[in-house]
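Asker: got a predicted model here, sequence first, then my questions.
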There are 2 protein chains.
Amino acid sequence: MNASNKTERSRLSAEDWEDAALNLIADQGVGAVAVEALARQLGVTKGSFYWHFRTREALLQAALERWEQYGEREVINQIEAIPNPRERLPELFRRVAHELKPHRVYAALLKALDHPQVVPVMARVSQRRMEFLHTAYTQAGLPQTEALNRARLTYAAYVGFLQLNFTLGLPRISHEEFDAYVEHMIRTLIPA
Amino acid sequence: MNASNKTERSRLSAEDWEDAALNLIADQGVGAVAVEALARQLGVTKGSFYWHFRTREALLQAALERWEQYGEREVINQIEAIPNPRERLPELFRRVAHELKPHRVYAALLKALDHPQVVPVMARVSQRRMEFLHTAYTQAGLPQTEALNRARLTYAAYVGFLQLNFTLGLPRISHEEFDAYVEHMIRTLIPA
DNA sequence: ACCTGAACACCGTTCAAGT
DNA sequence: ACCTGAACACCGTTCAAGT
């Protein structure tokens, strides 16, 4: 329950609070990040929180930046590792569709875009991913402008997909139907 | 400033509070709906709020349902009024892209999907709009399954589009570039 | 029927004091 | 260096009393 992987230290670091905050975000959303709840979960009083951070906002900021640096980077690295450029795009679609854990924080942040601190982080992350798509479509043979617009459309489809599928559970879809949808996306969006 | 269109009545109705809440949602997001702020704006004490609503949540609920009934319906009606079925889809894309006011509340709610009350409302509205797209694609000649998947993809693109363009202002796009993007969407998603 | 004003709970924040 | 405990501000909620 309150067991950290750090052999039950009695003192906490700022990183401990940030990790706890990120877990809360993934599980219950940005709104669930509350000083009192976190303190209770970590087994200290809320007063101690203010030794590590100036405000609740500062914690959120630090947690988001931590995610941007560590969690985020690996998604792009993993995909850039796909050797054949022509297979990159379809492979990317299939991976995102089937390994959704790395996208949980991203999906949670997508639902919390009314928190002003979330917006710039998501803008940077989205920007980077879209540039990646732009490059991938160029390598797949689309001319510059076409490739950029296709990247925009694809990214919009990705964002909308996370929302429709997880939050707005549009009439629950079967496993086969889901796979068919993914292949439809690939056929429609990726040049032959 | 505090002038309502109701000839400066001294007493308020539940609907007055709901309208004020909806305006707040469109302008500043769901998080901005606060009892004290609303009361100030309407020129009463917050105590009076509780004659009309049991809780803040009840106000939000009522406001969302009001939007679902009135504001929402007219978007679909307007589009169903387009005579030629083959022109409906491209026309729909262009209208959504250029007349965005009716989509402001929808976009605000999209950013607030971590508020549990928002989710079912958005699920219902999205469901209805997707059914409309499904029908439109069937009328445009796609077979059933294909039409459904294309409707899903299109709706995801719509949702993602609102998010990318308004919230995550991906590098500010020019007017011409924007129109080119819309035409790219039409070419890619709508069967010839 | 609609509103005031005072009270309380909850949570973010401060700070003097502890180890 | 990290934490406690008491205090305060802010906002949602209650309620007896006013018109």
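Answerer: Ah, there it is.
Asker: residues near A:Gln144, how many?
Answerer: By other C-beta atoms under 10 Å in any protein chain shown, 10 other residues sit near A:Gln144. Bear in mind the C-beta positions are built from the backbone N, C-alpha and C, glycine included.
Asker: from what I can see it touches A:Thr138, true?
Answerer: Yes - here A:Gln144 reaches A:Thr138: they are 6.8 Å apart, a contact under C-beta atoms under 8 Å.
Asker: interface residues of chain A facing DNA strand C?
Answerer: Within chain A, the positions near DNA strand C by C-beta under 7 Å from any atom of the strand are A:Ala34, A:Val35, A:Glu36, A:Ala37, A:Lys46, A:Gly47, A:Phe49, A:Tyr50, A:Arg54, A:Thr55, A:Arg56, A:Glu57.
Asker: from the residues you listed, which two are the most distant?
Answerer: Farthest-apart pair in the residues of chain A next to DNA strand C is A:Ala37 and A:Arg54; separation 18.8 Å (C-beta to C-beta).
Asker: who's more crowded, these two?
Answerer: When neighbours are counted by other C-beta under 10 Å, A:Ala37 comes out ahead of the other of A:Ala37 and A:Arg54, with 14 against 9.
Asker: what about the nearest residue to that one once chain neighbours are set aside, which SS state?
Answerer: Of all residues not flanking A:Ala37 in the chain, A:Leu24 sits nearest, at 7.8 Å (C-beta to C-beta, 6 or more residues apart in numbering or on different chains). Classification of A:Leu24 using DSSP: H, G, I helix; E, B strand; the rest coil returns helix.
Asker: over to A:Ser10?
Answerer: coil.
Asker: next, the closest residue to A:Gln139 other than its chain neighbours: phi, psi?
Answerer: Once flanking residues are discounted, A:Gln139 sits nearest to A:Pro85: 4.2 Å by C-beta to C-beta, 6+ apart. The phi/psi pair for A:Pro85 (degrees, to the nearest 10) reads phi -60, psi -40.
Asker: A:Val159 too?
Answerer: Dihedral angles (degrees, to the nearest 10) for A:Val159: phi -60, psi -50.
Asker: and it, what is it in contact with?
Answerer: Taking C-beta atoms under 8 Å, 6 or more residues apart in numbering or on different chains, we find A:Val159 in contact with A:Leu110, A:Ser126, B:Ala156, B:Val159, B:Gly160, B:Gln163, B:Leu164.
Asker: return the item of these having minimum pLDDT.
Answerer: In terms of pLDDT, the lowest of the contacts of A:Val159 is B:Leu164, showing 82.
Asker: report the contact partners of that residue.
Answerer: Neighbouring residues of B:Leu164 by C-beta under 8 Å, 6+ apart: A:Ser126, A:Arg152, A:Tyr155, A:Ala156, A:Val159, B:Leu170.
Asker: and for the residue nearest to A:Gln139, the neighbour number?
Answerer: 13.
Asker: against A:Thr154, how distant is it?
Answerer: In this view, A:Pro85 and A:Thr154 are 15 Å apart by C-beta to C-beta, to the nearest Å.
Asker: poorly predicted segments of chain A, please.
Answerer: Chain A contains residues with pLDDT under 70 at A:1-9, A:169-170.
Asker: quick check: the spatially most central residue of it vs B:Leu168, distance?
Answerer: Central residue of chain A (C-alpha atoms, centre = their mean): A:Tyr106, 2.2 Å from the mean position. With distances taken as C-beta to C-beta, A:Tyr106 is found 12 Å from B:Leu168.
Asker: list residues touching both of the two?
Answerer: In contact with both A:Tyr106 and B:Leu168: A:Met122, using C-beta under 8 Å, 6+ apart.
Asker: which other helices and strands does the longest helix along chain A contact?
Answerer: When chain A is parsed with DSSP state H, its longest helix is helix A:118-139. Applying 3 or more C-beta pairs under 8 Å, 6 or more residues apart in numbering or on different chains; DSSP states H and E, one finds that helix A:118-139 contacts helix A:56-66, helix A:73-80, helix A:85-98, helix A:104-110, helix A:144-162.
Asker: ok now it, how far from the chain's centre?
Answerer: Computed by C-alpha atoms, centre = their mean, to the nearest Å, the chain-centroid distance of helix A:118-139 equals 12 Å.
Asker: run a quick neighbour tally on the residue of chain A found nearest DNA strand D.
Answerer: Nearest residue of chain A to DNA strand D, counting by C-beta to the nearest atom of the strand: A:Gly47, 2.2 Å away. Counted with other C-beta under 10 Å, residues neighbouring A:Gly47 total 9.
Asker: repeat for A:Ser174
Answerer: 8.
Asker: which residues touch the residue nearest to A:Gln139?
Answerer: A:Ala136, A:Gln139, A:Ala140.
Asker: doesn't A:Pro90 make contact with the first one?
Answerer: In this case it means A:Ala136. No - judged on C-beta under 8 Å, A:Ala136 makes no contact with A:Pro90 at a distance of 10.4 Å.
Asker: tell me which of the two has more neighbours.
Answerer: The neighbour comparison of A:Ala136 against A:Pro90 (other C-beta under 10 Å) goes to A:Ala136, with 23 against 18.
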